[in-house]
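Novice: A structural model of the following input is requested.
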Amino acid sequence: MGFLKDLATLTAKGNDAYARLDVGASLAAASRSMDEASRVLAATQPPADDELLESVRVHTTASVVDARQLPMMIGMLSVVEVELVVMMPSGLPVPVTRTEQVAPLHLARLAPGATLDVSIVPGRPDSVRVEWNG
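Specialist: Numbers count the residues shown, from 1 in each chain. Predicted structure coming up:
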């Protein structure tokens, strides 16, 4: 009879948990999580540049000021917010904050003070692209 008593106890506890479940709140939380994931994913994708802008893109370097890993991963890639100071060929430093999808292999390259190869369209700080393989 112990098995049936345990089964009855588990059924009662399951029914109690089900009665306390707030489906609306769970769906709202899931929706907020999906909205945040969509926002972060959109931020990690560089804007599509036309061929004219790509033709004036210049390659330069950037110093890492700070890097913060966000609490999400896309596949096996970490999502990291990186603060950079891009050195333009004219010598003018341009501060830029980017959200990047970073492979585990490249995470160590984001230490403060590190130098990264980047490319940028002059006059468009939002066009910074980290050249991970460059």
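Novice: Now do the helix or strand bottoming out on mean pLDDT in the chain: which elements does it pack against?
Specialist: Least confident helix or strand, the chain: helix 51-55 with a mean of 78, by mean pLDDT, DSSP states H and E. Packed against helix 51-55, as judged by 3 or more Cβ pairs under 8 Å, 6 or more residues apart in numbering; DSSP states H and E, are no other helices or strands. No exception for glycine: its C-beta is placed from N, CA and C like everyone else's.
Novice: CA atoms only for it, dumped as CSV, please.
Specialist: Extracted in CSV, the C-alpha atoms of helix 51-55 (Å, rounded to 0.1, in the frame of the first residue of the first chain):
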residue,chain,number,x,y,z
GLU,A,51,28.8,48.8,-52.0
LEU,A,52,29.7,52.5,-52.0
LEU,A,53,30.2,52.5,-48.3
GLU,A,54,32.1,49.2,-48.4
SER,A,55,34.5,50.8,-50.9
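Novice: List the contacts of the next helix or strand after it.
Specialist: Downstream of helix 51-55, the next assigned helix or strand under DSSP states H and E is strand 58-74. The contact list for strand 58-74 (Cβ atoms under 8 Å, 6 or more residues apart in numbering) reads 36-37, 40-41, 44, 78-89, 95-96, 99, 101, 107, 110-122, 128, 130-131, 134.
Novice: ok, what's across the strand from residue 118?
Specialist: Note on residue 118: beta-bridge partners residue 60, residue 130, judged by DSSP bridges.
Novice: Run through the residues that contact it.
Specialist: So residue 118 contacts 59-62, 84, 86, 128-131 (Cβ under 8 Å, 6+ apart).
Novice: ok, 6 Å please
Specialist: 62, 86, 128, 130 (Cβ atoms under 6 Å, 6 or more residues apart in numbering).
Novice: which two from these end up farthest apart in space?
Specialist: Using Cβ to Cβ, these span at most 10.2 Å, a distance reached by 86 and 130.
Novice: Check which element follows the strand or helix carrying residue 19 along the chain.
Specialist: For residue 19, the host element (DSSP H and E) is helix 2-20. Sequence-wise, the next helix or strand downstream of helix 2-20 (DSSP H and E) is helix 23-44.
Novice: what inclination does that next one have with respect to strand 58-74?
Specialist: 160 degrees (axes from the mean of the first three to the mean of the last three Cα atoms, to 10 degrees).
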